[in-house]
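Engineer: coords please:
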Amino acid sequence: MTTPSADWFYARGSLERDGWETVVDRAISGWRYTGIRVADLAAGDSVSLAAEAVERIVVPLAGSFTVRYTLAGETEERSQVLAGRASAFHGPTDTLYLPTGTTLSIEGAGRVAVAEAPTDQALPVAYLPVADVPIELRGAGRSSRQVHNFGTPASLAADRLIACEVITPAENWSSYPPHKHDEYAPGVESSLEEIYYFETAVTRGQVAPGTASPFGLMRTYSSEAGDIDIMAEVHTGDVALVPFGWHGPCVAAPGYDLYYLNVMAGPDPDRSWRIRDDPAHGWIRDTWVGQEFDSRLPYTS
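Structural biologist: Numbers count the residues shown, from 1 in each chain. You can find the predicted model right below:
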């Protein structure tokens, strides 16, 4: 029997809690290893998080913020200004990693996300300035997309948490070929839960009427690890959860750019991000050889 998409896909506002527009955590049945919180703040507003056994990355989506935090076992409050960006489509942002057991508050104006993963292992605070965020172009042609690897194993020392963000220009496909990471096969595949948090916007250089409604599409389907079936129209603020299964593509509709923040973690003994392509579609990677990237990329400021 197929799991209804409603169990793993959530429209904006349907996960609102405690002053946050979106909260994904263990309160969702069957969800264990990852979390995300998203807040939309007006000037002078703030949100706070108590000390919990989770590591966190604060990611400005749009706007600038000040993060005040106190580490486990300390009484001194520290602070870090995050310069942020105009929107999620204006290139990468600076980010802040905070270890398990940290209390924090975030003040500013705009949209901010906090990626989470449960852990008892405390690692150092890490501020990653925007100039140090690795920008990767993947795919080719109409499968070109831009990836900001601020929270991947090569860029960040964390215990479990893996995070990155993807910008897909209008008419392009990303998270493609469809792939999975739902079983541990050392050196071949990781076992990772994954969160997709989406934003959409009128594509760069395009003038749209006030009635425009930016959107994209996202697909997830069953693997041997479990039954799941999502074919969803996605808009700013929507969230898709991938507990298992093949996922992809994510498609940016003509006229509209697509952004998503990915948050991953799992039970494996090592923190790695290894995927296995759906054998029905993996051959498509070979067709990219010699093709140019989409000339619209990279999106910077």
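Engineer: in this protein, which spans are helices?
Structural biologist: For the chain, the helices defined by DSSP state H occupy 284-287.
Engineer: where in it is pLDDT low?
Structural biologist: 1-6 (pLDDT under 70).
Engineer: change it to 50
Structural biologist: Counting by pLDDT under 50, the chain has low-confidence residues at 1-5.
Engineer: residue farthest from the centroid of this structure?
Structural biologist: The outermost residue of the chain, judged against the average C-alpha position, is T75 (31.6 Å), by C-alpha atoms, centre = their mean.
Engineer: any idea how far S87 is from that residue?
Structural biologist: According to C-beta to C-beta, to the nearest Å, T75 stands 37 Å off from S87. For the C-beta atoms, the positions are set from N, CA and C on the backbone; glycine is no exception.
Engineer: I167 now?
Structural biologist: According to C-beta to C-beta, I167 and S87 sit 10 Å apart.
Engineer: more crowded one of the two?
Structural biologist: I167 (27 against 17; other C-beta atoms under 10 Å).
Engineer: any idea what the more buried one is bridged to?
Structural biologist: Under DSSP bridges, the beta-bridge partners of I167 are Q146, Y259.
Engineer: same deal with I36?
Structural biologist: V24, A115.
Engineer: correct me, but Y299 touches T168?
Structural biologist: No: contact criterion C-beta atoms under 8 Å: Y299 and T168 do not qualify, at 10.2 Å.
Engineer: are there residues contacting both of these two? Which ones?
Structural biologist: By C-beta atoms under 8 Å, 6 or more residues apart in numbering, Y299 and T168 have these common neighbours: Q146.
Engineer: only the buried residues of stretch 274-294, if you could.
Structural biologist: Neighbour-count burial for stretch 274-294, with 16 or more other C-beta atoms under 10 Å as criterion, is recorded at R274, I275, R276, D277, D278, I284, F293, D294.
Engineer: so L61 makes contact with V38?
Structural biologist: Yes: here L61 reaches V38: they are 7.4 Å apart, a contact under C-beta under 8 Å.
Engineer: any residues in contact with both of the two?
Structural biologist: R111, V112, A113.
Engineer: which of these fall in strands?
Structural biologist: Judged by DSSP state E, the shared contacts of L61 and V38 include R111, V112, A113 as members of strands.
Engineer: so which of these is the most crowded?
Structural biologist: The most neighbours of any of the ones in strands among the shared contacts of L61 and V38, using other C-beta under 10 Å, belong to V112, which has 27 neighbours.
Engineer: output stretch 181-194 as CSV, restricted to C-alpha atoms.
Structural biologist: Output of stretch 181-194 as CSV, limited to C-alpha atoms (Å, rounded to 0.1, in the frame of the first residue of the first chain):
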residue,chain,number,x,y,z
HIS,A,181,20.0,7.1,0.2
ASP,A,182,17.9,4.9,2.4
GLU,A,183,20.2,1.9,3.1
TYR,A,184,23.7,1.8,4.5
ALA,A,185,26.2,0.2,2.1
PRO,A,186,29.7,1.2,3.1
GLY,A,187,31.4,3.3,0.4
VAL,A,188,28.3,3.0,-1.9
GLU,A,189,25.2,4.4,-0.2
SER,A,190,24.3,6.3,3.0
SER,A,191,21.2,5.9,5.1
LEU,A,192,19.9,9.5,5.5
GLU,A,193,16.5,11.2,6.2
GLU,A,194,16.1,14.3,4.1
